[in-house]
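Visitor: quick one, fold the following:
(one chain, ligands or ions: 1)
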Amino acid sequence: MLSILGTLYFVYVLIKLYIATQEIGFVAKAQHQNAVILSPSSFLKAARYKIASERFGMVSTLVDYGLFLFWIGYGLRTLEGWLITNGGVWESVVFVYAFIGVNYLVGLPLDIYSTFFKDKAFGFSTIDAKTYALDQLKAMALFVVAGGAIVALVAWIILSFASWWLWGFGAIFAVVLFINMIYPTLIAPIFNRFTPLENPELSASIESLLQKAGLKSSGVFMIDASKRDKRLNAYFGGLGKSKRVVLFDTLVEKLSKSELLAVLGHELGHFKHKDMLKNVAMSAFMLLVMFGLFGNLPASVYEALHVSMSPHSTIALFLLLSPLVSFVMMPLFGAMSRHNEYAADAYGSACESKEALKNALMKLADENKSFPMSHPLQIAFYHTHPPLVERLKRLE
Ligand SMILES: [Zn+2]
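Guide: Below is the predicted model:
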């Protein structure tokens, strides 16, 4: 049993590394050809950033593999020996805290490197050590409270129901919906300051854009994203017809009014086409598959790992192996998402103008140093958005 698990994970690691090397080769070759869309200097910089990110991703994959081997071969059973006596709900919570804590500590140097060295070197990251440390502490507090409650809930369900995986799926799906609902108003403000947009003209244009799409605004806000990063973005928050519009200060600074409206028009397109609902349905399907799988693992898996068949080990296995399941489903999810992006682009360009959206997309790519092309395998597995070259072509 152990060898099947090990082989599956090994193949997963190999595929990930293979795709990364293909992408690096593709970008390394493309960077010497004529620059498209971006200015020659941005094009080259975007290529270098892409290659650095892929190399970093390969290291992360290997570190994850090391962690997997550690947990499977030694960690899970050792932790169980230390922490578990009766296998009750609270012991499961402590076990999962320890499990995630170890993963977090191992991943922390990588995250610090990525933020303070890789992204700083390319001029994206503006974060200082204090903001970073505060972010980490806030995220940790959130995890201890909310994560602990969720683990307790799942552990209780496992102990209480025979077909627990169905109930567990229902409960976690409800939690995911709830978090999505409270994210823009309760969670995001923990990390960023939200200020009402102080540009009455732009605000009025955004309100009328929403109105045309049949939505109501529950405020247009700007967040201080520039304290961490120079990259640009915007999003809509909230369920139902009432939307909170959130603009990164970096976006307001760099885009013209018409470009900004085109970007928001694109986001509105997602709402008009009910893409949120499709995404929710897709995540529900993915969760159901995972619960079905991890809720019905044969006893031989636990025996092979020398751990008891209890909530704590089931939850740890779920966390350890679910990336494999989502990796298998990613091409399906990505294809759907890329299809939706084209449709949202069409909507956005109709809201404002084709030119405005094209200029906005090009500015975004230029500021975010996103390389406008990718290897087909990379696109199939990882891209939720089509490459910029394709999006611009489709807008024509
Ligand atoms: Zn989109």
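
Visitor: helix or strand right after the lowest-mean-pLDDT helix or strand in the chain?
Guide: Per-element confidence for the chain was summarised using mean pLDDT, DSSP states H and E. The lowest value among helices and strands belongs to strand 234-237, with a mean of 78. Counting by DSSP states H and E, the next helix or strand C-terminal to strand 234-237 is strand 242-248.

Visitor: pLDDT on the helix or strand just after that following strand, on average?
Guide: The first helix or strand that comes after strand 242-248 along the chain, using DSSP H and E, is helix 249-254. Taken as a whole, helix 249-254 has a mean pLDDT of 88.

Visitor: likewise stretch 23-42?
Guide: With pLDDT averaged residue by residue, stretch 23-42 scores 89.

Visitor: show the end-to-end separation of that stretch, please.
Guide: Across stretch 23-42, the straight-line distance between its terminal residues is 19 Å, by CA to CA, to the nearest Å.

Visitor: let's have the chain start at 7 instead
Guide: Renumbered: residue one is now 7, and that last one reads stretch 29-48.

Visitor: show me how far the least confident helix or strand of the chain is from its chain's centre.
Guide: Computed by CA atoms, centre = their mean, to the nearest Å, the separation of strand 240-243 from the middle of its chain amounts to 15 Å.

Visitor: also stretch 76-93?
Guide: In this view, stretch 76-93 has its centroid 29 Å away from the chain centroid, taken as CA atoms, centre = their mean.

Visitor: swap in stretch 224-231?
Guide: When C-alpha coordinates are averaged (CA atoms, centre = their mean), stretch 224-231 and its chain have centres 21 Å apart.

Visitor: neighbouring contacts of that stretch?
Guide: 194, 198-204, 208-209, 212-213, 237, 239, 244, 248-256, 258 (CB atoms under 8 Å, 6 or more residues apart in numbering). Where you see a C-beta, it was placed from the backbone N, CA and C, and this is true even at glycine.

Visitor: can you flag the buried ones in these?
Guide: 194, 198, 203, 208-209, 212-213, 237, 244, 249-256, 258 (16 or more other CB atoms under 10 Å).

Visitor: do a quick rundown of the strands in the stretch 157-306 of the chain.
Guide: Taking DSSP state E, counting those that start in this stretch as the criterion, the stretch 157-306 of the chain contains strands spanning 200-202, 222-229, 240-243, 248-254.

Visitor: tabulate the ones you listed (a markdown table), appending distance to the ion.
Guide: Written out in a markdown table, the entries for those read as follows (distance: least, CB to the ion, whole Å):
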| stretch | distance to the ion |
| --- | --- |
| strand 200-202 | 22 |
| strand 222-229 | 19 |
| strand 240-243 | 10 |
| strand 248-254 | 15 |
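
Visitor: and these, which one is worst for confidence?
Guide: If these are sorted by mean pLDDT, strand 240-243 sits at the bottom with a mean of 78.

Visitor: that one - contacts with which helices or strands?
Guide: Judged by 3 or more CB pairs under 8 Å, 6 or more residues apart in numbering; DSSP states H and E, strand 240-243 is in contact with strand 248-254, helix 263-278.

Visitor: which neighbours in the sheet does the first one have, and how are they oriented?
Guide: Spelled out, that is strand 248-254. When sheet partners are counted by DSSP bridges, strand 248-254 sits next to strand 222-229 (parallel), strand 240-243 (antiparallel).

Visitor: in the first one, what counts as buried?
Guide: What that stands for is strand 222-229. For strand 222-229, using 16+ other CB under 10 Å, the buried residues are 223-229.

Visitor: in the stretch 7-156 of the chain, which spans are helices?
Guide: Using DSSP state H, counting those that start in this stretch, the helices of the stretch 7-156 of the chain run over residues 8-36, 46-76, 82-89, 95-119, 125-127, 135-148, 154-166.

Visitor: tell me which of those helices sits nearest to the ion.
Guide: helix 46-76 (19.7 Å; CB to the ion).

Visitor: tell me what the closest one is packed against?
Guide: Taking 3+ CB pairs under 8 Å, 6+ apart as the contact cut, helix 46-76 packs with helix 8-36, helix 95-119.

Visitor: between helix 46-76 and the first one, find me the angle.
Guide: Looking back up the chat, that one is helix 8-36. Comparing the axes of helix 8-36 and helix 46-76 via axes from the mean of the first three to the mean of the last three CA atoms, to 10 degrees yields an angle of 170 degrees.
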